[in-house]
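Peer 1: my questions concern the predicted model and sequence given below.
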Amino acid sequence: MISYIIRRTIAAVILLLVVTAVTFGIFFILPKLAGQTADQLAQQYIGKNPSPEDIAAVKRNLGLDQPVYEQYWNFIKGIVSGATYDLGPTTVRCDAPCFGYSFKDHLEVWPQLTSRLPVTISLASGAAVLWLLGGITAGVISALKPGSFFDRAAMGVALAGVSLPMFFTGQLALLLFSYQLEIFGRTYVPFTENPSQWANTLFLPWCSLALLYSAIYARLTRSGMLETMNEDYIRTARAKGLRERNVVVKHGLRAALTPLVTVFGMDVGLLLGGALITETVFSLHGIGEYAVQSISANDLPPILGVTLLAAFFVVFMNLVVDLLYATIDPRVRLS
Amino acid sequence: MAAVAVVSSAGLLLSACSKADDGTEDTPKGAGVNAATKGVVNESTAKGGTVTYASSDAPESLDPGNMYYAYGFNFSRLYARPLMTFKPGAGEAGNELVPDLAESAGTPSDGGKTWTYKIRQGVKYEDGTAVTAKDVKYAVERSNFSRDVLSLGPNYFQQMLDDPDKYKGPYADKSDKGISSIETPDDHTIVFKLNKPFAEFDYLASMPQTAPVPKAKDTGVDYTKKVVSTGSYKFEKYDEGKQIVLTRNTEWDAKTDPLRKQYPDKIVVNLKVNKATIDKDVMSGDTMIDIQGTGVDAQTQAQVLKDEDQKANTDNASGGRLVYTAINTKVAPFDNVECRKAVEYAIDKVAVQTAMGGPIRGDIASTVLPTDVTGYEKADLYATPDSKGDVTKAKEHLKACGQEKGFKTSISARTDRQGEVDAATAVVEALKKVGIEADIKQYPSGKYFSDYAGVPAFNKKNDIGLIMMQWGSDWPTGYGFLQQIVHGKAIGQSGNTNLSELDDPAINKLLDDAIGNTDEAARTAAYTQVDQKVMEQAAIVPLTYFKVLLYRSPYATNLVSSSAFSGQYDYLNIGTTEKK
Amino acid sequence: MTAPIETTGAQTDARPEAVLEGVEAKKIEGRSLGQIAWTRFKRDKVAVAGGVIVVLLILTAALSRPLQSLLGLDPNAFNQDLIDPNTSLPKGDFGGMSWDHPLGVEPKFGRDILARILEGSWVSLVVAFGATLLSNAIGVVLGLVAGYYGGRVDTIVSRLMDTFLAFPLLLFAIAISATLQGGAFGLEGLPLHISVLIFVIGFFNWPYMGRIVRGQTLALREREFIDASRGMGAGGPYVLFKELLPNLVAPIIVYSTLLIPTNIIFEASLSFLGVGIQPPQASWGGMLNQAVDFFEVDPQYMIVPGLAIFITVLAFNLLGDGLRDALDPRSR
């Protein structure tokens, strides 16, 4: 078991390194494709009428004059041991884990990420609870009586749910419940400050996200359940005279939900890396919004930081799922 | 950055503005449409309370030596005193330049090449130490000569100060001497020596860059987090990207300051608030001022204008800015003046105006200088019926240009400026009617000047003949407005703001001569002439004189919409009647 | 299989294994795969309805331009006489609906919304089909190669898929689209935007198809007919594309039908965020982007393109579901 964990962890770390390298490569190569030189990049950091010396100094400070592999190496080194940036009179010490330094905002990326993380976590976790509850319940009930009115209605709603773009439902919900009926607020309040207001502002984003995901989960649960309920061992269980509820919950549901764990891990991992659209629509200052803003400001270090964090969550959740599987699914061999 | 109106001029109020009604002061009902552009609204000397501002963004920097936005210039005066500043006043009255840290306006000598200021006695920092002339010198040095560190502000001092030794700025050049052309013969005298006569130097002295910075407390780019105050308020809290709190500066002395009143106890700026929420909060009184001062958003405008009661709380202020299309004189076929004239006639300015939000967002323009900048004189060289464009005349000029069948070109606009893209869309539609096919190319505003429209070689390569632009001058005179956009010397290989690439010897000479001339009337006449010449060259198509629609909080006192700050309310003495 | 990003709700829950098993099982009856599926599909009224709508949509998109000229519509023509200049809003109720403009006109310019919806339809479908084709091409080839050769090849391809799946897809797509906005690869304007969209959506989505094809190939390669083919001296490419591929057509079709709606939403999302199709070209996401500025005072303008996306995506999903059910007898 321990060697299994170690092997999976090493694989995850390697995967992360590859993802960062590719990200770095893409962001370095793309501006070149679009015809941008280091000089122009440097000039964006200065206002009007910069002299050549000004540009050279900025290039040196930002490390734009180094080759790409060196910039990448410094970036990776920074995560492990921190980095120091020379900004003229002052040097900025960016402590480990240093996820880069935004020269545009004069801010370290890591504290920005950590200060925004609670918003994204609040959004993702609340929505996840809702969609798990809603999706699985609907899926199970539908599967128990396939073809019934409930089944048809639930699957109809689910199909509509997956067919609605998030930015449309979210905006519509905002218009109806926040602007017109004024039931829900729009300014995020941390949970620690005021839990009820926290839930109040997050309710609409939760529901909008949950509508989308619970639709998928309901469909997955339903088809999973239908399949398992036809398996021989379920018939055996029934034949043994087990109560139907026990059959459904202990045998059917467990087997049907096992594959859902993978899906759920992946979804949560991706959402923790920033729900870009939801955060944009609801003006939540989370990781995703930070990424969108940095992209429009053409500020590379935060984009890299967010990408890395997002990839970390995905890889981490995959690892968790792998380990979970090893315990819940006896078919997984640990060799 | 360049296009951000920093300081604008005399608010020549437009006839469209209706009269203020006689709304009484004791009700929170509106004081009437445009009341704050004509006089002080809610005038009060009541002390105490908290004035709350909100911003949809976070300021890049609050360091007076590292900012360029008009609202920054406006707000910074609460904690940083420049040599000169604008007197709080409604509309045009807001344009009056008065001494702040200086005892009086600058004294020119040597034909306008040397400027001397006397600094007031008894001005102290928040920690009680006295302000000296050396601190002012240091502030100018750091903000203008260390552009690799403090990059956001303008660098007029760097361009104008006599600098034979190529001074490298205080961070690179650690010697105590500093730049030789700023002299401080004693603690209360500062002398600027320029490389050529410059008659409008007092305007430069009004930039927050002249607000003193103690060298010992300067931390370069991080100074924004610990600005040492000389104004009536000081920083209590600077919560990056969230909130800024200012409290009374106890070391500030009213006797040294005829301008500041120090009414509220506290000033709070909430950052990164959703724009729609800000508008709603201002209307309900939860927030008093939208600090960015760019006006309400499109749907708030639509809602407010439908409701007479709410409308009575609005100010439709002139911004001292011009929205225009620059015609690139170096890109074929626009190197032929006839083709440029065809565009002047073809564009339907009413369509552009409607696309940008209607007359509330700007009056139709026909001159380069906006109505509220010195040198403006009414003219319309390429008049068309109702300003809706004249296809026949445009085609005549196309014929004269040898392009009867029309041609293809591109028009650039900034992606993240919806109004600009909308205006470009309307321009394209009008040009289509005379046979000119223009393709809209959008570029992010952060790189507009450094990589795209501001790079002449890029425009040439990509056939960008028309460039959307919005321009406000850094100080409210014809020179401040025109020099950067029509003077041949302003053309740069990148970061160019003379987008037409106009290099006309007559225009250059008029501007050069004017700025050395200490006779104000003669200068103003010269600016009018430059305006006419640019229009004769058809290098710029003026579209609208930009305006903003501000919603006036009924709970804020002493509101004046000042022409000096793009029509924003002057932030110096806003108080509150609602004590929280 | 799951939703790779928050925007792409319709990530399929197709179970291609089941599809394949179903097909195999029914072969015994002696009817062809197509016949069986078609009979079963015809019985599913909802899926047929979805299919009809899809066909109509494709026709509309393909004939979008002729249709516009037939109806006398111009997606870029201004009708500012219908706009109140002070509020920028259409005069009259329901977003300026009238006989001339049955879906109303947009704020500011007064352009006809129906015309812009029509014009946007082909953009949406071209991007969605293009991206689906691209990810299918990469996914099928790599999936086949990995599944057939196994061993080290399989390890490398599988790792590659893991890596791609770990990318924050939407973030990448936005960043790349934003960077390439100005012009790249010698393209500019609309062709550039469409190519960039197809590339970013298609290129990062291939591992889903790759995984499915790999899994199926793994199962198929041990079958007798493959052995026989190899025994007769057939080379790798021949076996891959002549023997294996035809047996994978059913799951590929099902999965593609379910990937198209995902890609439609993806395209709309990027245009909504302002990095997709650029004005004045009409696109559904772009219309929603503009509508956000007015959603409180002119909700009509937001609802029309929103519904257009909804109906299109729903129709494709219904069709995809129906196809899957038809090819997989066990799912109902």
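Peer 2: Cool, got the structure.

Peer 1: near chain C, which residues of the stretch 451-580 of chain B are found?
Peer 2: Within the stretch 451-580 of chain B, the positions lying close to chain C (CB under 8 Å from any CB of the partner chain) are B:451-452, B:462. Every C-beta, even on glycine, is put in place using the N, C-alpha and C of the backbone.

Peer 1: which residues are in contact with A:Lys22?
Peer 2: One thing to correct before we go on: residue A:22 is Val, not Lys. Taking CB atoms under 8 Å, 6 or more residues apart in numbering or on different chains as the contact definition, A:Val22 lies against C:163, C:167.

Peer 1: assign it to helix, strand or coil.
Peer 2: Under the three-state scheme (DSSP: H, G, I helix; E, B strand; the rest coil), A:Val22 adopts helix.

Peer 1: and the pLDDT at it?
Peer 2: Model confidence at A:Val22, expressed as pLDDT, equals 80.

Peer 1: give me the distance between the helix or strand where C:Thr179 lies and the centre of its chain.
Peer 2: Using DSSP states H and E, C:Thr179 maps to helix C:169-179. From the chain centre to the centre of helix C:169-179 is a distance of 18 Å (CA atoms, centre = their mean, to the nearest Å).

Peer 1: equivalent analysis for stretch A:316-330, please.
Peer 2: Put simply, stretch A:316-330 sits 19 Å off its chain's centre (CA atoms, centre = their mean).

Peer 1: quick one on the thing from earlier: in the helix or strand following the helix holding C:Thr179, what's buried?
Peer 2: Downstream of helix C:169-179, the first helix or strand assigned by DSSP H and E is helix C:189-220. Residues C:192-217, C:220 are the ones in helix C:189-220 that count as buried (16 or more other CB atoms under 10 Å in any protein chain shown).

Peer 1: stretch B:401-411 now?
Peer 2: For stretch B:401-411, by 16+ other CB under 10 Å, it's B:401, B:403, B:406-407, B:409-411.

Peer 1: nearest to chain A: which residue in the stretch 301-450 of chain B?
Peer 2: B:Ser450 (4.3 Å; CB to the nearest CB).

Peer 1: can you get me a residue count around that residue?
Peer 2: By other CB atoms under 10 Å in any protein chain shown, 25 other residues sit near B:Ser450.

Peer 1: can I see the domain layout of the chain?
Peer 2: Picked chain A for this. What automatic domain parsing lists as the domains of chain A is A:2-98, A:110-328.

Peer 1: wait, I meant chain B there
Peer 2: B:50-268+B:552-576, B:317-547.

Peer 1: measure the shortest one end to end?
Peer 2: Distance between the two ends of domain B:317-547: 6 Å, counting by CA to CA, to the nearest Å.

Peer 1: again with the longest one
Peer 2: Between the start and the finish of domain B:50-268+B:552-576 there is a gap of 7 Å, counting by CA to CA.

Peer 1: next one: it to chain centre, how far?
Peer 2: That offset, for domain B:50-268+B:552-576, works out to 16 Å (CA atoms, centre = their mean).

Peer 1: ditto for stretch B:494-511
Peer 2: 20 Å.

Peer 1: for A:Leu260, give its distance to A:Ser223.
Peer 2: 11 Å (CB to CB, to the nearest Å).

Peer 1: where in the stretch 1-150 of chain A is pLDDT low?
Peer 2: A:1, A:28-38, A:40-51, A:61-62, A:86-90, A:104-105 (pLDDT under 70).

Peer 1: helices of that one, start to end?
Peer 2: A:2-33, A:38-43, A:52-62, A:68-81, A:109-144, A:149-163 (DSSP state H, counting those that start in this stretch).

Peer 1: who does the third one touch, helix- and strand-wise?
Peer 2: Looking back up the chat, that one is helix A:52-62. helix A:38-43, strand A:83-87 (3 or more CB pairs under 8 Å, 6 or more residues apart in numbering or on different chains; DSSP states H and E).

Peer 1: hmm, back to that, do the helix holding C:Thr179 and chain B meet?
Peer 2: Yes. Helix C:169-179 reaches chain B (CB under 8 Å from any CB) through C:Ala178.

Peer 1: secondary structure element holding residue 259?
Peer 2: Using chain A. Element membership for A:Pro259 (DSSP H and E) is helix A:254-272.

Peer 1: if you could check chain C rather than the one you did, that'd help
Peer 2: With DSSP H and E as the test, C:Leu259 turns up in helix C:249-272.

Peer 1: name the helix or strand of chain C that has the lowest mean pLDDT.
Peer 2: helix C:16-26 (a mean of 46; mean pLDDT, DSSP states H and E).
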